[in-house]
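> this is the structure alone, sequence omitted:
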């Protein structure tokens, strides 16, 4: 099976092609084809996973065909399957299949649902290419492919201007990151003469510290764009304009974690430069706090979850930035997050399904009585994310916080406490979300009759909830051991003593989670106002995304618009004007000359005579002179 | 088999035949044109297989006939990998354009259908002539004669553009190109004088000339090609011409004819004047770089779809420009591949816009809005073409853009970084265009327009399908084309005497 | 008698004709002056033929005569038409063909 890696992405690719080409003809069977394709890939992935376990070393590569062969540059359409890829493949196809199944129910009444599943399968294809590639060009191929699928799915309801704009915003901000990424590829080729993972990591030691730093920063820029990290985080919350399954699959569980994958995959680059690591850690920390703070102030259920995603990916960046053993920790947090965040997004979708697409948490309340399954599954996700033992979040987030305390110098205190503060805030805003949605008094708008969703929607919820509960415990040793060989040289990283004892960090982590949750329950347990009330500076700023959107608009959009308008004017009047001016000059001159044609025959005769005399005179002058 | 003379002459004969079809029989003219263009396509395929990519010969399939013995000018035809792919592109695009323009003239009683299609065939013949010619004078003749059919196509057959604007565009196009062409004529004569009184390209390659003369002659050729390509700041004719020409002709104008400029730079400027090429490379790169950013910003600010696409092409030609003058194998091959891929992608984009324009009767972005609701399939094809234009990985233009930027990066990182900004801007203009035309709330006037109720027709599907398939195929498997291009680019770089030719 | 005098005469005749073309307005007179110039040229041609001892000049003279005859035919017709429409044979009156 391992020799047929291509089957993994070829099956969803074929399904996507069929769905996109058949359109309305496939209304009946199309969605189910869309579900089956990733499910087959999941089964194949599982088989390959077990086959990989018996290999030594645990890696297999195959080059399908020569992709871009020009001189020294020999890029092959090559695939690789190693422990890191394996867990991603299982996450993508496993969680992906569940979300596809859910979408069959969620999109049942949309007349373009076949197209939707076509795009969804396209996404799975691209995401699998991203993690399966054995070189950076293949990674980039999948990278932009998932960007495309994300764009198509965000603006799926393209007749809504807000959806169209959100899709465009996502694409363009991703492109900024992609520009960084592709420059990193150029840098690798220019200095290392290869773009293959293996060879790059072998030769990367020969780079000077500065070049290494630049290479890492460029990769980081790409990762930030895709993962919605500071300063390119603004597109992710807007991406919630897409259908909810999209938010769950792409903008929570899989695509947005691609940035973490890139950094983990490029670990020899990032581990080799401490400045680089410090920058990654800082980006992660800033983002996790930013996401928490804004998440506390949002009222749209999907946007709270979106900012929560931003913040959780911040934790993962913190993890991969810390390096050493923390790489694997970041990956298991990524996997656990894939479960509980997908679970909560789908739960939110289920709530919206029962509440006529209402998204404002101020307008929910008391839903626990009406949607028992959604409530219970959502509760598992909620407990998991805030890190209550023994749910998954506790086993995956707490080690990252502990690792942040182990940097060996004063920065341990800074990042460690920031991560703990993040845990407190996470507990607060997630509890606020949970309580306002499922408990307290009803604050519904007129004519709501909430009801539980159909089985096709709640069955995936149950699976994901089980995953949210047990995944952490199952993973926190076995998967870490499974992954560690990928992060070469991990054992050489100096171990620092944590600045606080381990048990204290664990206790503090849980205590903070309980504290945040209790605080939120106390404040919001009895409901809240129906409309946002005027608030202090901090809350207002958080409601406005800490003014990051406003910053983008003032610094990039407005000057950009002004510049293009000015340039259009310059091109029409200036560059084109010079040419047209020249033409006008010639035309004007000819106009003057035209006046010589008086119409008097005798003046023509005179000019002929003068001309003749002139020519004769010239001839004579030459002859005599 | 005399492939090259045949492939040059057949379309010209076709033009003559179609021109004599009476105006009362437009269908006959269309069928004849399609037949001739398909024959040419078949010849191009045959030429492709007759060409030996592994051969060491600089030019292949050479044929030579007497023309003007006194000047040692001959009808010499020969191709290398670069001209071969350009011929293939031309032969592929013309039948597609013919099919795309099938009904464009049906409702305009005044204009002659046979004349339109005869002009297209004449254009095809002359364009192929510029690629097959291996005699500088012969090349020059084709280069200039090419203008005539295009002049009439723009001036007489533009759709939905006021007559005055059309004629302005046609005259501007003609004058611009003519100025460049005449300067080139002077350089051609100069080359004849210093190059040993022959027009034979192969014997001029190693002509001995002083530095000063070489530089002037280079500039003479380069100016003509820079206007034709067009490079900043000689670009202002293209938006006018592209905006006024009928969509099919615009696809040929931008898709193929402009490539004659970049092709000329590779075949004539670089190979004939290697020292001067190296001397002027920074200038050419600077112009190209300005073009990339400047034209992309201008494209963002356009309200006319065809003008917008014309500006995007100027930006793309900037990429080709830096690729050519970076003098590395990757950048050079990337630039040539870019010429092909850009022809496919922008050709498709122009044709799809043409389909929109025929339905709506307007080229203005503001006259559309939410069109995806009415014509979802057409909007989908439009989106695909847009993605190809912004070089999405998986589609052909990505490979070429990647190669160009990568090749440039290895020699000049600043240039590559600035050019990379261009790919962000590309996303801006393409997505802006798509959003404003096909997405968002439906423009109320749009649903009242009769044509907008018809989605893509069978004929139009046949038009776009080969382009879509090729863009995808070359996006994942560009090797067949790269294998043809690589040796020619390597030979060119050897002629420019760049030390790192093999890199 | 040297052929020189023929040349001088030819020059004088030509000058008279040229001045006539420049200063007279009547189309008929103008026409006759042009004839005078043509014939001055003929005289010069024949003289040179004599000086050089070849026949080229004389052949040319015949050509000029033929041309002059043709010119007279067309020219007079034009003048007549102008006179009919304008009741004037002055060349200054016929100045419509201008910028």
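Yep, that arrived. Just so it is clear, the model here is predicted, and its values are computed rather than measured.
> my read is that residue B:312 contacts residue B:296, right?
Yes: between residue B:312 and residue B:296 there is a contact under C-beta atoms under 8 Å: 7.2 Å. C-beta coordinates here come from the backbone N, C-alpha and C atoms, glycine included.
> the two: which has the busier surroundings?
Neighbours per residue, other C-beta atoms under 10 Å in any protein chain shown: of residue B:312 and residue B:296, the larger number sits with residue B:312, 29 against 26.
> wait, what's in contact with the more buried one?
Residue B:312 sits next to B:295, B:296, B:299, B:346, B:389, B:426, B:429, B:430 when contact means C-beta atoms under 8 Å, 6 or more residues apart in numbering or on different chains.
> switch to 10 Å and redo it
Residues in contact with residue B:312 (C-beta atoms under 10 Å, 6 or more residues apart in numbering or on different chains) are B:254, B:295-296, B:298-300, B:302, B:342, B:345-346, B:349, B:386, B:389-390, B:425-426, B:429-430, B:433.
> can you check residue C:51 too?
By C-beta under 10 Å, 6+ apart, the neighbours of residue C:51 are C:2, C:3, C:4, C:6, C:7, C:57.
> what is the nearest of these to residue A:403?
residue C:57 (114.0 Å; C-beta to C-beta).
> hey, which strand is longest across chain A?
strand A:60-70 (DSSP state E).
> elements contacting it?
helix A:30-53, strand A:73-81, helix A:136-154, helix B:329-360, helix B:396-411, helix B:458-476, helix B:479-495 (3 or more C-beta pairs under 10 Å, 6 or more residues apart in numbering or on different chains; DSSP states H and E).
> out of the ones you listed, flag the one nearest chain C.
helix B:329-360 (41.6 Å; C-beta to the nearest C-beta).
> so the closest one, near chain A or not?
Yes: under the criterion of C-beta under 10 Å from any C-beta of the partner chain, chain A is reached by helix B:329-360 at B:329, B:330, B:331, B:332, B:333, B:334, B:337.
> check the closest residue to the third one other than its chain neighbours and give its pLDDT.
By the measure of C-beta to C-beta, 6 or more residues apart in numbering or on different chains, the closest residue to residue B:331 outside its immediate chain neighbours is residue B:407, 2.6 Å from it. In the predicted model, residue B:407 carries a pLDDT score of 93.
> residue B:407 is in contact with residue B:337, isn't it?
No: applying C-beta atoms under 10 Å, one finds residue B:407 not in contact with residue B:337, separated by 11.1 Å.
> what is in contact with those two at once?
In contact with both residue B:407 and residue B:337: A:70, B:323, using C-beta under 10 Å, 6+ apart.
> just checking, which helix or strand of chain B averages the lowest pLDDT?
In chain B, no helix or strand scores lower on mean pLDDT, DSSP states H and E than helix B:444-448, which sits at a mean of 81.
> pull out the buried positions in that helix.
For helix B:444-448, the neighbour count (16 or more other C-beta atoms under 10 Å in any protein chain shown) marks residue B:446 as buried.
> other residues contacting it?
B:359-360, B:362, B:367-371, B:373-375, B:437, B:452-453.
> which of the residues you listed fall within helices?
B:359, B:360, B:437 (DSSP state H).
> the residue nearest to the first one when sequence neighbours are not counted and residue B:158, how far apart?
Setting aside the residues directly before and after it, residue B:359 is nearest to residue B:451 in space (C-beta to C-beta, 6+ apart), at 3.4 Å. Taking C-beta to C-beta, to the nearest Å as the criterion, residue B:451 is separated from residue B:158 by 18 Å.
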